[in-house]
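>>> just to be clear, the model below is a prediction. Sequence and coordinates:
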Amino acid sequence: MQVAAGNTFTCAIRSDGVRVCWGDDGQGQAPQLALSPGSIADGLVGSAHAGASFALADAGPNADGDYVPPSPVFYANPADLPPGLSLSAAGVLSGTPTSGGTYTFTVEGEDANGFTASREYTVTIAADTSPPVISYTLNGEVAPPATPDGENGWYISNVAVAWTTTDAESGIASSSGCTPSTLTGDATGATATCSATNGVGLETEVSTVPVNIDITDPVIQAAASPAANGAGWNNSNVTVSYTCSDATSGIAGACPANQTLSTEGIGIATTIQIVKDTAGNSGSSNVVMANIDRTAPVLAPTLPGLILQGGSYTAMANATDALSGIDTASCTPLDTSSAGTRTATCTATDNAGNTATATVSYTVTGLYSFQWQQPLLPVLYQVSPGQRILLQFRLVGSNGWITTLDSATTSSTLITCPSPYAMNLAAYRGSAIDLQHTNNGIYRKTWDAPGIQGGPQLVPGGQRGSCYRMTLDINDGQSHSIMIKLK
């Protein structure tokens, strides 16, 4: 075969030492193989290497892609490879590096036709000696340090914890407790914990800086002393004291000073007191209301107009109280056992417990005589049923005629007739008279006799022929009576 000067051809030495050449430029040339890839990734001790897959390809100047190296095999000196890596005959580099350093090795490839290629590689294996880096935020703020939303380093709301784990060399292989969480409720020194392990097994554990949380307001309680009585009143100033407490961060400063309620009136109230805890929460006191009456009742005792010896009389206290009102009021009994001037004592207590007393003088009039003027004789009188009769009597006291009698009452009782004879008693045709003093201690009063069945003023058992005792009571402790018989 004739070749032109300057053309390309392929030559080889035969086994007998004779050189032979063939081809002419693009015609009949042997393939010129190349090994890929061009580079291999670096690695990390303890972390699976990214590996590589080697291949042969015709890379000669006249390569047209028609030649595909058949059944290639690959080889590298194991001593030159990074410890922990191996190369298979199929050209797969794999493994986990066990030692750090920079390693240079040659990979050779040969196809079934004997065509070969090789390439030198340099790989650096780094040793990861740094554990993962863990950081966190509290309520979205990088910590530490963080700025609590309360006072004196306290949070007054729940605290959201978020974690970030990083490892630039071998990455994060696993983590525990690193999901977002929330610290809730009152707590001193509450913490959250996150741990992470990198690709070479190094571990980091981080706990948040102890977090103080107090979301509960302090308690302030007002109490009154002395307590109100059963009617709800006090008759002295009321002292209101305060009790303060906070279970978590504690009270900031002192509990408020006592208040004194001294104004008289209904519903006298304290002012609301505010207390803060160390975390900055505020609490308000309850309002204490008191009814205060320190003023004693006022008494204006009065007496009956005439007090007769032997009678039963009562003095009236006439107590008033402008604020809490009267609870009890009474006067000592009037002593009418004998004539003379005496003193009665009246006492009143208001609903607040204030007490007042007052004395009043009274005179007991001795009754020297009671004299019937009409009728005159102590005999049985005969009247018609319902007949109005006029009663007249004279009162003579130890000092003369008694002219101030202001009341007299009458009553009648059915009795057994004392004798068959009865004197007629004339009827009074005028209007009824309650009690009237005429002159010289003489009084007049009308009385209507009992009626019969169906008639006026029926007395039980009354009938014609019945007898009654009519009694006049002037409150002198004596009985003044006449007897009548119904016609």
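Received it, and whenever you're ready, just let me know what you need.
>>> pLDDT value on residue 462, please?
Residue 462 is assigned a pLDDT of 58 by the prediction.
>>> ok, the one 10 residues further on next?
The model reports residue 472 with a pLDDT of 94.
>>> my read: it touches residue 481, true?
Yes. Between residue 472 and residue 481 there is a contact under C-beta atoms under 8 Å: 6.8 Å. To be clear about C-beta, it is placed using only N, CA and C from the backbone, and glycine gets the same treatment.
>>> more neighbours, these two?
Higher neighbour count among residue 472 and residue 481: residue 472, with 20 against 17, using other C-beta atoms under 10 Å.
>>> which strand or helix spans the more buried one?
Using DSSP states H and E, residue 472 sits within strand 467-473.
>>> just the buried residues of that strand, please?
The neighbour-count criterion (16 or more other C-beta atoms under 10 Å) identifies 467, 468, 470, 472, 473 as the buried residues of strand 467-473.
>>> cool, and stretch 279-298?
Buried residues in stretch 279-298 (16+ other C-beta under 10 Å): 279-281, 283, 285, 288, 290-293, 295-297.
>>> how many neighbours does residue 273 have?
Residue 273 is flanked by 19 other residues according to other C-beta under 10 Å.
>>> and of the buried residues of strand 467-473, the nearest to residue 101?
Distance to residue 101 across the buried residues of strand 467-473 (C-beta to C-beta) is lowest for residue 473, with 138.3 Å.
>>> before we move on, back to that, which helices and strands does the strand holding residue 472 pack with?
Packing contacts for strand 467-473, counted by 3 or more C-beta pairs under 8 Å, 6 or more residues apart in numbering; DSSP states H and E, involve strand 409-415, strand 480-486.
>>> on that earlier part again, quick one: the buried residues of stretch 279-298 as CSV, columns for pLDDT too.
Output for these, formatted as CSV (pLDDT from 0 to 100):
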residue, pLDDT
279, 97
280, 97
281, 98
283, 98
285, 97
288, 97
290, 98
291, 98
292, 98
293, 98
295, 98
296, 98
297, 98
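>>> could you dump the buried residues of strand 467-473 into JSON lines and include distance to residue 47?
Compiled in JSON lines, the buried residues of strand 467-473 are given as follows (distance: C-beta to C-beta, whole Å):
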{"residue": "467", "distance to residue 47": "138"}
{"residue": "468", "distance to residue 47": "134"}
{"residue": "470", "distance to residue 47": "134"}
{"residue": "472", "distance to residue 47": "132"}
{"residue": "473", "distance to residue 47": "126"}
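>>> buried ones in stretch 266-279?
Within stretch 266-279, the residues scored as buried using 16+ other C-beta under 10 Å are 268, 270, 273, 275, 276, 277, 278, 279.
>>> contacts for that stretch, please.
Residues outside stretch 266-279 that contact it (C-beta atoms under 8 Å, 6 or more residues apart in numbering) are 150-152, 154-156, 212, 214, 217-218, 220, 222, 238, 240, 242, 244, 246, 248-253, 255-256, 259, 261, 282-285, 287-292, 323.
>>> and the contacts of the strand holding residue 472?
By C-beta under 8 Å, 6+ apart, strand 467-473 touches 380, 391, 393, 408-418, 445, 447, 449-450, 459, 462, 479-486.
>>> what's the first helix or strand after the lowest-mean-pLDDT helix or strand in the chain?
Using mean pLDDT, DSSP states H and E, the weakest-scoring helix or strand in the chain turns out to be strand 19-22, at a mean of 53. Next helix or strand after strand 19-22 toward the C-terminus (DSSP H and E): strand 33-36.
>>> average model confidence for that next one?
On average, the pLDDT along strand 33-36 is 96.
>>> name the residues that touch that strand?
For strand 33-36, contacts defined as C-beta under 8 Å, 6+ apart pick out 54-59, 69, 107-109, 111, 115-119.
>>> from the residues you listed, pick the one nearest residue 87.
Within the contacts of strand 33-36, the smallest distance to residue 87 is 6.7 Å, found for residue 107 (C-beta to C-beta).
>>> so what pairs up with the closest one in the strands?
residue 76, residue 119 (DSSP bridges).
>>> tell me where the stretch 51-200 of the chain has helices.
Using DSSP state H, counting those that start in this stretch, the stretch 51-200 of the chain contains no helices.
>>> below-threshold pLDDT in it: ranges please.
Applying pLDDT under 70 to the stretch 51-200 of the chain flags no residue at all.
>>> count the neighbours of residue 312 for me.
By the criterion of other C-beta under 10 Å, residue 312 has 12 neighbours.
>>> so it touches residue 336, yeah?
Yes. The pair residue 312 and residue 336 passes the contact test of C-beta under 8 Å, sitting 7.3 Å apart.
>>> for residue 228, which non-adjacent residue is closest in space?
Nearest non-adjacent residue to residue 228, counting by C-beta to C-beta, 6 or more residues apart in numbering: residue 234, 5.5 Å away.
>>> would you confirm that that neighbour contacts residue 289?
No. In this structure residue 234 lies outside contact range of residue 289 using C-beta under 8 Å: 11.0 Å.
>>> who are the contact partners of the residue nearest to residue 300 when sequence neighbours are not counted?
Nearest residue to residue 300, sequence neighbours excluded (C-beta to C-beta, 6+ apart): residue 318, at 4.4 Å. Residues near residue 318 by C-beta under 8 Å, 6+ apart: 299, 300, 301, 302, 329.
>>> domain parsing for this protein?
Domain assignment for the chain by automatic domain parsing gives 31-126, 133-213, 225-292, 298-364, 367-486.
>>> residue 143: how many residues sit nearby?
Neighbour count of residue 143, defined by other C-beta under 10 Å: 17.
>>> if you could redo that for residue 403, that was the one I meant.
15.
>>> where does it fall, secondary structure wise?
Per DSSP H and E, there is no helix or strand for residue 403.
>>> how close does the spatially closest residue to residue 474 that is not a sequence neighbour sit to residue 385?
The shortest distance from residue 474 to any non-neighbouring residue, by C-beta to C-beta, 6+ apart, is to residue 408 (4.9 Å). Separation of residue 408 from residue 385 (C-beta to C-beta, to the nearest Å): 24 Å.
>>> surely residue 441 is in contact with residue 392?
No. Residue 441 is beyond contact range of residue 392, at 11.1 Å (criterion: C-beta under 8 Å).
>>> these two: which is more packed in?
Each of residue 441 and residue 392 has its neighbours counted (other C-beta under 10 Å); residue 441 has more, 19 against 16.
>>> please name the residues that touch that one.
Contacts of residue 441 (C-beta under 8 Å, 6+ apart): 394, 395, 396, 400, 401, 402, 403.
>>> any idea how many residues pack against the second one?
Counted with other C-beta under 10 Å, the neighbours of residue 395 add up to 24.
>>> same question for residue 37.
Neighbours of residue 37 (other C-beta under 10 Å): 14.
>>> do residue 233 as well
By other C-beta under 10 Å, the residues close to residue 233 number 21.
>>> follow-up on the earlier one: what is the nearest of the contacts of residue 441 to residue 430?
residue 394 (20.0 Å).
>>> how many neighbours does that closest one have?
Residue 394 - counted by other C-beta under 10 Å - has 16 other residues nearby.
>>> whichever of the contacts of strand 33-36 end up buried, select them in ChimeraX.
Remark: buried members of the contacts of strand 33-36, expressed as a ChimeraX selection using 16+ other C-beta under 10 Å:
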select :54,56,57,58,69,107,109,111,115,117,119
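>>> and the contacts of strand 33-36, which is closest to residue 177?
Using C-beta to C-beta, residue 54 is the member of the contacts of strand 33-36 that lies nearest residue 177, at 44.1 Å.
>>> and the nearest residue to the closest one once chain neighbours are set aside, how many neighbours does it have?
Ranked by C-beta to C-beta, 6+ apart and with sequence neighbours excluded, the top spatial neighbour of residue 54 is residue 91, at 3.6 Å. Neighbours of residue 91 under the rule other C-beta under 10 Å: 20.
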